[in-house]
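J.: this one's structure only:
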């Protein structure tokens, strides 16, 4: 977006984003004449889940919420509860390794400030969630992408990842499992990632917000908080997905790796966190209670995901293989290549995310949420089948 001289003198270049309406925003404005089935909704508080209001709100009545006793790392009771969460994932984490933030987005902001000077680089996967660009801009950090490729499942292209490393690269970001591909990092990729970080003296930032949502009911994804960490590693998560409570605004990071580097990282993060003191006391006090209640809600979400995937596959709709997370990538027939699949579905009253929002360029692909109500997905699948039949 071009700027006038007056705008440049008044505002920072880092916030000169293109603010024109997106395709998705236009769709909501144009949807008045269409019975719209919204398959973009991934807000768990808006998907008809069985959220027990009394269970959620009761711990907020703790009278200690009226006291302000800030701790830059977060209240010890909250950090102990997070350590227990990782113990349930076979990971031995000390509360002293944990630092609370208002969200994973704030965790990224802290880490970009910790690891990067202005103009330094961070590597992120493509396809990936589009938020990273804004977070990097705000920290004066440059993003470079490394590819995921598809071959009966998604994989990190380790060779291309290494080729993307430059003298300004400071960290590699990995979302485990990835959004929107649902790719979890298998042991061999984990070993290769650590090998790259050690050779090139890089840090590893692991976002595990979808860790508790494998699609195989017998599977459990291993956390990067578990096992050896030969390079400086930051494991991120939070209540938004784990407990389906994005409105409570509480996330965290676990710092792992060589002792000397961890000690220095934690000392610097302590100052960064103390500068903002952004995590509210009521949420910290309620955190142990909410984490205890999370497994039941996670089971409901996994059941919702399994049912929606069954509807999509039963509707003879082609999907990229997906093994975890809340999203799926729908692959539509070649007849959609001349007109974008997103626009075609929108005109039929089915709202999805354009795949290019996530950096996925394949024609005829869209991204949709797997946690929408079953009735919404069922109607969308039936509408899709009719649409495909009329275009066959």
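T.: Right, received. Where do you want to start? These numbers come from a predicted model, not from an experiment.

J.: can you pull out the helices in the protein?
T.: 5-10, 23-30, 53-57, 76-87, 104-115, 132-138, 158-163, 187-200, 239-242, 259-276, 281-314, 341-347, 374-391 (DSSP state H).

J.: And the average pLDDT for the longest one is what?
T.: What it means is helix 281-314. If you average the pLDDT over helix 281-314, you get 97.

J.: List the residues that contact residue 49.
T.: 244, 297, 300-301, 304, 371 (CB atoms under 8 Å, 6 or more residues apart in numbering). C-beta: built from backbone N, CA, C; applies to glycine.

J.: swap in residue 329?
T.: With CB under 8 Å, 6+ apart, residue 329 has these contacts: 180-181, 319-320, 322, 355, 360, 365-367.

J.: between these, which is closest to residue 377?
T.: residue 319 (12.7 Å; CB to CB).

J.: That closest one: what's it in contact with?
T.: Counting by CB under 8 Å, 6+ apart, residue 319 has contacts 309, 312-313, 328-331.

J.: Filter those down to the buried ones, ChimeraX style.
T.: Selecting only the buried entries of the contacts of residue 319 in ChimeraX, with 16 or more other CB atoms under 10 Å as the criterion:
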select :309,312,328,329,330,331
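
J.: picking up where we left off before, now distance to residue 388 and neighbour count too, for the contacts of residue 49, in CSV please.
T.: Output for those, formatted as CSV (distance: CB to CB, whole Å; neighbours: other CB atoms under 10 Å):
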residue, distance to residue 388, neighbour count
244, 33, 24
297, 35, 22
300, 31, 15
301, 29, 19
304, 25, 21
371, 24, 24
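
J.: I'd like the residues you listed laid out as CSV, including distance to residue 277.
T.: Formatted as CSV, those follow (distance: CB to CB, whole Å):
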residue, distance to residue 277
244, 26
297, 29
300, 34
301, 32
304, 36
371, 33
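
J.: ok, back up a step: I'd like the contacts of residue 329 as a markdown table, with pLDDT appended.
T.: Formatted as a markdown table, the contacts of residue 329 follow (pLDDT from 0 to 100):
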| residue | pLDDT |
| --- | --- |
| 180 | 96 |
| 181 | 97 |
| 319 | 92 |
| 320 | 93 |
| 322 | 95 |
| 355 | 89 |
| 360 | 90 |
| 365 | 90 |
| 366 | 92 |
| 367 | 95 |
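
J.: Any of these buried? List them.
T.: 180-181, 320, 322, 355, 360, 365-367.

J.: In strands only, show me those.
T.: Judged by DSSP state E, those include 365-367 as members of strands.

J.: wait, residue 124 sits on residue 130?
T.: No. Assessed by CB atoms under 8 Å, residue 124 is found out of contact with residue 130, at 10.2 Å.

J.: neighbour count winner among those two?
T.: Comparing residue 124 with residue 130 by other CB atoms under 10 Å, the one with more neighbours is residue 124, at 23 against 12.

J.: residue contacts, that one?
T.: So residue 124 contacts 132, 143-146, 173 (CB under 8 Å, 6+ apart).

J.: And it, how close does it get to residue 211?
T.: 18 Å (CB to CB, to the nearest Å).

J.: quick one: low-confidence ranges for this protein?
T.: 1-8, 21-34, 316, 334-335, 337-339, 392 (pLDDT under 70).

J.: how about 50 then?
T.: 1 (pLDDT under 50).

J.: Check this protein for its longest strand and report it.
T.: strand 142-150.

J.: could the ones in strands among the buried ones among the contacts of residue 329 go into a markdown table alongside distance to residue 377?
T.: Formatted as a markdown table, these follow (distance: CB to CB, whole Å):
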| residue | distance to residue 377 |
| --- | --- |
| 365 | 18 |
| 366 | 14 |
| 367 | 14 |
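
J.: Which one of these is nearest to residue 119?
T.: So of these, ranked by how close each gets to residue 119 (CB to CB), first place is residue 367, at 31.5 Å.

J.: Pretty sure that closest one sits against residue 357.
T.: Yes. Applying CB under 8 Å as the test, residue 367 and residue 357 come out as touching, 7.1 Å apart.

J.: list the contacts for the closest residue to residue 138 other than its chain neighbours?
T.: The shortest distance from residue 138 to any non-neighbouring residue, by CB to CB, 6 or more residues apart in numbering, is to residue 14 (6.3 Å). Contact partners of residue 14, counting by CB under 8 Å, 6+ apart, are 137-138, 140.

J.: How about residue 156?
T.: Per CB under 8 Å, 6+ apart, neighbours of residue 156: 125, 146, 148, 174, 183, 185, 189, 192-193.

J.: Rebuild the helices of the chain as a markdown table, extending it with distance to residue 69.
T.: Listed next are those as a markdown table, based on distance: least, CB to CB, whole Å:
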| stretch | distance to residue 69 |
| --- | --- |
| helix 5-10 | 40 |
| helix 23-30 | 42 |
| helix 53-57 | 22 |
| helix 76-87 | 11 |
| helix 104-115 | 21 |
| helix 132-138 | 30 |
| helix 158-163 | 44 |
| helix 187-200 | 37 |
| helix 239-242 | 21 |
| helix 259-276 | 14 |
| helix 281-314 | 8 |
| helix 341-347 | 50 |
| helix 374-391 | 45 |
